[in-house]
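S.K.: Kindly return the folded structure for what I paste below:
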Amino acid sequence: MKYVYVLSYDGKGTYLEQMLVSITSLKMQMHSSEIIIILDNNSKKYINKGNRILKSFQVEIKYVDIDCMEYNIVERSRILKTLMYNLINEDFLYIDSDTIICEDLSTIQNQNIDYIGMVKDYHYNYSEHPARDYFDINAKKCGYHPCYGNLHFNGGMMYVKKSQLSLGFFELWHNLYLQGLKNGVPADQASLNEANYRLKGVIKEMNGIWNCQLSNTACSAQYVYHAKILHYMASKSSVKMPYDLANEDILRSILSEDKENKSKLDNILHDPKSAFCSTKGYLCDIDDVVIIQSIFFGRLKNIYIHKKKVYNSFNRIARLLNYIDNHIIKKS
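M.R.: Numbers count the residues shown, from 1 in each chain. Have a look, this model is predicted:
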């Protein structure tokens, strides 16, 4: 079995560093793992600084021609995902770059998967998903279905067994993704889940430990202890994720001489499940979860991030109302 990553890179951001960290963690857990990276040709000149690590791990690199004038870097990376099936000659496990491998992954071959195995997005059934409205909007734009059997899958980990049905899924996904782009939907999960719908549930749900998604609104706490793969969602740059590896300085240290952050990275690689030092608290009951997933909370957080003065004014008003409630109304 092969372990597969895809990368479209223009020298900006930490996409290369994320992938190198994930590959390093995979090799630490599985020394003999065979890794393939799929790149678009436009990215070739930008990955030289990672060559030392890639060569030391004997990583195989495959290149795909994609028009960089027609598709941006994010779109190219998603196109690569839809094309990867034909570039791999055996069963494979695709892994997103913003991940860290916590345990040996070879036991995935013992899972009862006929064709393709994946984990639910944010570990929710679709009817309970906090981003359900967003998925519905994307699906409606394209005339797609957002789920099959109340399941909407996350594309951060895919266990794929070679078969005609698996091939058909990837070919359909590729065509649906390009169609989605024409309808203004660059996200690849809309097309992925539509392909699953049209093939009547070819994707089988896997335990959340195989893609433990560490978002503030993901229902992932129950999977962290036994997690095989921690997916810290670094691509969501507008959100501060509750995991230390989402820190760009720590990520960049894999290619720099930053001894302090290199030491932090080394500690994370050796004990991935302890890297929650940046987390300041935790949600303690279902009411907290409902509130933090609300549109109201999202708008309030946006104000806090972008308009601190307005937020502080709201906070002063809230304190005044709290004082009135505690000292005037309750005493009367």
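S.K.: ok, Lys200 - contacts?
M.R.: Contacts here follow Cβ atoms under 8 Å, 6 or more residues apart in numbering; on that basis Lys200 touches Tyr148. Bear in mind the C-beta positions are built from the backbone N, C-alpha and C, glycine included.
S.K.: how close does it sit to Gly143?
M.R.: 18 Å (Cβ to Cβ, to the nearest Å).
S.K.: do the same with Ala318
M.R.: Taking Cβ to Cβ, one finds Ala318 at 44 Å from Gly143.
S.K.: which secondary structure element contains the residue nearest the centre of the chain?
M.R.: Among the residues of the chain, the one closest to the centroid is Met233, at 4.3 Å (Cα atoms, centre = their mean). Using DSSP states H and E, Met233 sits within no helix or strand.
S.K.: Name the nearest residue to Asp249, ignoring sequence neighbours.
M.R.: Asn261 (5.0 Å; Cβ to Cβ, 6 or more residues apart in numbering).
S.K.: Confirm the one you found sits in a strand?
M.R.: No - going by DSSP: H, G, I helix; E, B strand; the rest coil, the assignment for Asn261 is helix, not a strand.
S.K.: hang on, it packs against Ile250?
M.R.: Yes - using Cβ atoms under 8 Å, Asn261 is in contact with Ile250, at 4.9 Å.
S.K.: More neighbours: the two, which one.
M.R.: Between Asn261 and Ile250, counted using other Cβ atoms under 10 Å, Ile250 has the larger neighbour count: 24 against 17.
S.K.: Check the residue nearest to the centre of the chain and give its pLDDT.
M.R.: On the pLDDT scale, Met233 is placed at 87.
S.K.: Would you agree it is in contact with Leu214?
M.R.: Yes - using Cβ under 8 Å, Met233 is in contact with Leu214, at 6.3 Å.
S.K.: can you give me how far the longest helix anywhere in the chain is from the chain middle?
M.R.: Ranked by residue count under DSSP state H, the longest helix found in the chain is helix 164-182. Centroid displacement of helix 164-182 relative to its chain, using Cα atoms, centre = their mean, to the nearest Å, is 20 Å.
S.K.: and that helix, average pLDDT?
M.R.: 98.
S.K.: following that helix, which helix or strand comes up?
M.R.: Counting by DSSP H and E, what follows helix 164-182 is helix 189-198.
S.K.: Could you spell out the sheet neighbours of the following helix or strand past that next one, each with its direction?
M.R.: Sequence order places strand 203-205 as the next helix or strand after helix 189-198, per DSSP H and E. Here strand 203-205 has these sheet partners by DSSP bridges: strand 116-120 (parallel).
S.K.: can you give me the angle the helix or strand following the strand it pairs with makes with helix 164-182?
M.R.: Note on strand 116-120: by DSSP H and E, the next helix or strand toward the C-terminus is helix 132-142. Angle of helix 132-142 versus helix 164-182, following axes from the mean of the first three to the mean of the last three Cα atoms, to 10 degrees, is 90 degrees.
S.K.: now the angle from helix 132-142 to helix 189-198?
M.R.: On the basis of the same axes, to 10 degrees, helix 132-142 is oriented at 80 degrees to helix 189-198.
S.K.: Where does the prediction get shaky in the stretch 151-300 of the chain?
M.R.: 235-241, 278-290, 293 (pLDDT under 70).
S.K.: how near is Asp104 to Lys228?
M.R.: Plainly put, Asp104 is 8 Å away from Lys228 if you go by Cβ to Cβ.
S.K.: and Ile38, what are its phi and psi?
M.R.: Backbone geometry at Ile38, expressed as degrees, to the nearest 10, gives phi -110, psi 120.
S.K.: Name the nearest residue to it, ignoring sequence neighbours.
M.R.: Distance criterion Cβ to Cβ, 6+ apart; nearest residue to Ile38, sequence neighbours excluded, is Val6 at 4.6 Å.
S.K.: Val185 now?
M.R.: Closest residue to Val185 apart from its sequence neighbours, by Cβ to Cβ, 6+ apart: Asn138 at 4.8 Å.
S.K.: How about the contacts made by that neighbour?
M.R.: By Cβ under 8 Å, 6+ apart, Asn138 lies in contact with Tyr144, Pro146, Gly180, Val185, Ala187, Ala190.
S.K.: before we move on, the earlier item: looks to me like the residue nearest to Ile38 is in a strand.
M.R.: Yes - Val6: assigned to a strand according to three-state DSSP.
S.K.: Neighbours of it, how many?
M.R.: By the measure other Cβ under 10 Å, the count of residues near Val6 is 27.
S.K.: Can you classify the residue lying closest to Ala139 once chain neighbours are set aside by secondary structure?
M.R.: Nearest-residue entry for Ala139: Pro146, 4.1 Å, with adjacent residues in sequence omitted and distances by Cβ to Cβ, 6+ apart. Reducing the assignment at Pro146 to three states with three-state DSSP gives coil.
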